[in-house]
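*Asks:* take this sequence and fold it.
(chains A and B)
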Amino acid sequence: MADKDKVRVRFAPSPTGQLHIGNVRTALYNWLFARKSGGVFILRIEDTDVERSETRYETQLLEDLKWLGLDWDEGPDVGGPYPPYRQSDKMQVYQQYAERLINEGKAYYCFCKAEELEREREQALAEQRQPIYSGKCRKLDAAEVERRRAAGEPAAIRLKIPEHPIRFHDIVRGDVEFSNEVVSDPIIVRSGGMPVYNYVVVIDDADMKITHVVRGDDHISNTPKQVAVYEALGLPVPQFAHLSTILGPDRERLSKRHGATSVASFREMGVLPEALMNYLALLGWAPSGGDREIFPRDELIKEFSLERVTPSPAIFDNEKLNWLNRHYIKQSPPERIHQLAAGFLQRAKLLPAEMDPKISNWADRLLDLLLPYVDRLEQLPERAGILFAYDAAKALALPDNAEVLAAEKTPAVVQGFARRAQAEAKLTPERFKEIMNELKAESGAKGKDLFHPVRVMLIGAHSGPDFDRLIPLIEEGSELKLPVHVKSVRERVREFMAALEKRALV
RNA sequence: GGCGCUAUCGUCUAGGGGUUAGGACGGAAGAUUCUCAAUCUUCAAACCCGGGUUCGAUUCCCGGUAGCGCUACCA
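*Replies:* Numbering: from 1, shown residues only, chains lettered A, B, ... in the order given. Predicted coordinates for the structure are as follows:
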């Protein structure tokens, strides 16, 4: 492919907060499109809003993108042929272009005061007129402009919007047309000298030779202004693709109000990046056929196309994300998922920060036991409660257990199990099976009636993982030096019987 | 208010002038398991409304309605 035909796309976030899930999808689609077409993916930092931009957010942003596996070919940290990649480093360039527009008569100085404009706007609204700029300063004669400029009167710079409808092509939505009557002459440089987004974005995209602008559809109404800037500057207009909004369950634009929306929060919850990417890819895009849901990164690149992006807004569905996350937890290589998952138990202070091989081996088996039960890794510490947080009194008090405890054969099972288990220094799964068989014969209980009481005694709940794997984990865990002691079967049984006796007395 | 965008199961979507309107999440039922989770099987569940065009519209066109966005010297 000739260089001049090469696809060049960009992701251009503002470092004004945590990287949001909606922006991530935009980044993902840009990235997929670039990788699919053998093009270039560019990261650009839009920090013209000096008030709200912060360096720490920029650092965080890069980290989040890396975590997601979205790598960029050009950017503020890696450079590239069209620097700078941070708008705040580019102020003179914007100023030069603005002067050029003024000299060519395509833009003009506007001396209107902000309050004055606000008044006009409110009045227009009150009279049900279009609140667009009157164009007053457009008619000022050169001499007066010169005089007022010389007197140091602050002036913004406005672009002259042409007298014809502005139309552009959108890959997702087809042809879009705006009547010029609804587009004010936009301010491109503020009276303070700071250029405005709708202007700098065009300069940047043109300077960086961006071929496709893929971004959120909240920009769609801004696009005519931007097209006007391209045209005034005589620069080629790129292709646009406006992505639909991601909505919360209440059909309102997804925001912090809806809970976790930042990449960081998903990471902290133990959502795997590949699950998040897969989910987001499906939110607003589907392959032809539409009967596949699982798309690892490579498959996504192979299948993706902007033409198949859906124009309608989509509601974010945590359940489906969970399903994908469970899928990728199962698919993930054991070493990777063990390491990741162990981190959650370490942070919860259930596992030591430094794990010797013995503990590490035990932890791996524990995780294998627990992992099928979780949607997100953050649920692990709570799930691990069956090992670490045994509490007999609580088990007896739990409403869920009431039925089991009240069952006719429960006392015989409990007594029989307790007596036998107490005799075992270390219960083995084999011995456990024997005991259960003996109990079955002795009490006449079988199935649930037999196993539920024992389960309540051992883990405080009537349902949970297989005893075959659970019992060795309990017994071996009790011998390990862990931040939180794992009670042995004997300890559990003793505690349970004591609590039972106490309850009987009350 | 004006302008713009959007409209298929509860949700994400495939499809498209004649289809049993397909898949997935979630839900329900069953199989399996001591139980729960996982797994497997089965089931229920949708073309926003009204006009055209047409032999025939869910599909094409127009209008309505609803949702969302924009309407800044924010990005």
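*Asks:* quickly find the element holding the closest residue to residue A:485 other than its chain neighbours.
*Replies:* Leaving out its chain neighbours, the residue that sits closest to residue A:485 by CB to CB, 6 or more residues apart in numbering is residue A:478, at 7.3 Å. C-betas here are computed from N, CA, C, even on glycine. Using DSSP states H and E, residue A:478 sits in helix A:467-479.
*Asks:* contacting residues around that helix?
*Replies:* Around helix A:467-479, the neighbours that count as contacts under CB atoms under 8 Å, 6 or more residues apart in numbering are A:362, A:365-366, A:369, A:386-387, A:426-429, A:432, A:451, A:454-455, A:458-459, A:464, A:485-489, A:491-492.
*Asks:* that helix near RNA strand B at all?
*Replies:* Yes: contact of helix A:467-479 with RNA strand B (CB under 7 Å from any atom of the strand) involves A:467-468.
*Asks:* list the buried residues of that helix.
*Replies:* By neighbour count on 16 or more other CB atoms under 10 Å, the buried set for helix A:467-479 is A:467, A:470-478.
*Asks:* make CSV from those and add pLDDT to it.
*Replies:* Formatted as CSV, the buried residues of helix A:467-479 follow (pLDDT from 0 to 100):
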residue, pLDDT
A:467, 92
A:470, 93
A:471, 93
A:472, 94
A:473, 94
A:474, 94
A:475, 93
A:476, 93
A:477, 92
A:478, 90
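*Asks:* tell me the contacts of the closest residue to residue A:377 other than its chain neighbours?
*Replies:* Distances taken as CB to CB, 6+ apart place residue A:270 nearest to residue A:377, at 2.4 Å, with adjacent residues excluded. Counting by CB under 8 Å, 6+ apart, residue A:270 touches A:325, A:340-341, A:344, A:374, A:376-380.
*Asks:* which of the contacts of helix A:467-479 are close to RNA strand B?
*Replies:* A:451, A:455, A:464.
*Asks:* from the residues you listed, which would you call buried?
*Replies:* Buried among those by 16+ other CB under 10 Å: A:451, A:455, A:464.
*Asks:* among these, which one sits closest to RNA strand B?
*Replies:* Nearest to RNA strand B among those: residue A:451, at 2.7 Å, using CB to the nearest atom of the strand.
*Asks:* got a list of what that closest one touches?
*Replies:* By CB under 8 Å, 6+ apart, the residues touching residue A:451 are A:436, A:467.
*Asks:* surely it is in a strand?
*Replies:* No: assessed with DSSP: H, G, I helix; E, B strand; the rest coil, residue A:451 is helix; it does not lie in a strand.
*Asks:* and the gap between it and residue A:466?
*Replies:* Separation of residue A:451 from residue A:466 (CB to CB, to the nearest Å) stands at 11 Å.
*Asks:* do residue A:203 as well
*Replies:* Taking CB to CB, one finds residue A:203 at 64 Å from residue A:466.
*Asks:* who has more neighbours out of those two?
*Replies:* residue A:203 (22 against 9; other CB atoms under 10 Å).
*Asks:* need the three-state assignment for that one.
*Replies:* With three-state DSSP as the criterion, residue A:203 reads helix.
*Asks:* now for the nearest residue to residue A:427 once chain neighbours are set aside: which residues touch it?
*Replies:* Distance criterion CB to CB, 6+ apart; nearest residue to residue A:427, sequence neighbours excluded, is residue A:489 at 4.5 Å. By CB under 8 Å, 6+ apart, the contact list for residue A:489 reads A:421, A:424, A:427, A:458, A:471, A:474-475.
*Asks:* farthest-separated two in the residues you listed?
*Replies:* A:424 and A:458 (12.7 Å; CB to CB).
*Asks:* so these two - more neighbours on which side?
*Replies:* Each of residue A:424 and residue A:458 has its neighbours counted (other CB under 10 Å); residue A:458 has more, 25 against 16.
*Asks:* give me the angle between the helix or strand encompassing the more buried one and helix A:467-479.
*Replies:* Counting by DSSP H and E, the element that carries residue A:458 is helix A:448-459. For helix A:448-459 against helix A:467-479, the angle by axes from the mean of the first three to the mean of the last three CA atoms, to 10 degrees is 20 degrees.
*Asks:* how far out from the middle of the chain is helix A:448-459?
*Replies:* Here helix A:448-459 shows a centroid-to-chain-centroid distance of 41 Å under the convention CA atoms, centre = their mean, to the nearest Å.
*Asks:* what is the mean pLDDT for it?
*Replies:* Average pLDDT, helix A:448-459: 90.
*Asks:* how close does the residue positioned nearest the centre of chain A sit to residue A:23?
*Replies:* By CA atoms, centre = their mean, chain A has its centre lying nearest to residue A:263, at 3.4 Å. Distance, residue A:263 to residue A:23, using CB to CB: 9 Å.
*Asks:* check residue A:454 too.
*Replies:* 52 Å.
*Asks:* correct me, but residue A:32 touches residue A:303?
*Replies:* No: contact between residue A:32 and residue A:303 fails when scored by CB atoms under 8 Å: they sit 9.0 Å apart.
*Asks:* between the two, who's got more neighbours?
*Replies:* residue A:32 (25 against 18).
*Asks:* in what helix or strand does the more buried one lie?
*Replies:* Judged by DSSP H and E, residue A:32 forms part of helix A:21-36.
*Asks:* and the helix or strand following that helix, what does it pack against?
*Replies:* Sequence order places strand A:40-43 as the next helix or strand after helix A:21-36, per DSSP H and E. Counting contacts by 3 or more CB pairs under 8 Å, 6 or more residues apart in numbering; DSSP states H and E, strand A:40-43 is packed against strand A:8-11, helix A:21-36.
*Asks:* does strand A:40-43 reach RNA strand B?
*Replies:* No: contact between strand A:40-43 and RNA strand B, assessed by CB under 7 Å from any atom of the strand, is absent, since the two come no nearer than 13.8 Å.
*Asks:* how about residues contacting that strand?
*Replies:* By CB under 8 Å, 6+ apart, strand A:40-43 touches A:6-12, A:30-31, A:34-35, A:62, A:65, A:70-76, A:80, A:85, A:208, A:210.
*Asks:* kindly report the same for stretch A:114-123.
*Replies:* A:131, A:133-134.
*Asks:* so which of the residues you listed comes closest to RNA strand B?
*Replies:* Closest to RNA strand B, out of all of the contacts of stretch A:114-123 and judged by CB to the nearest atom of the strand, is residue A:131, at 4.4 Å.
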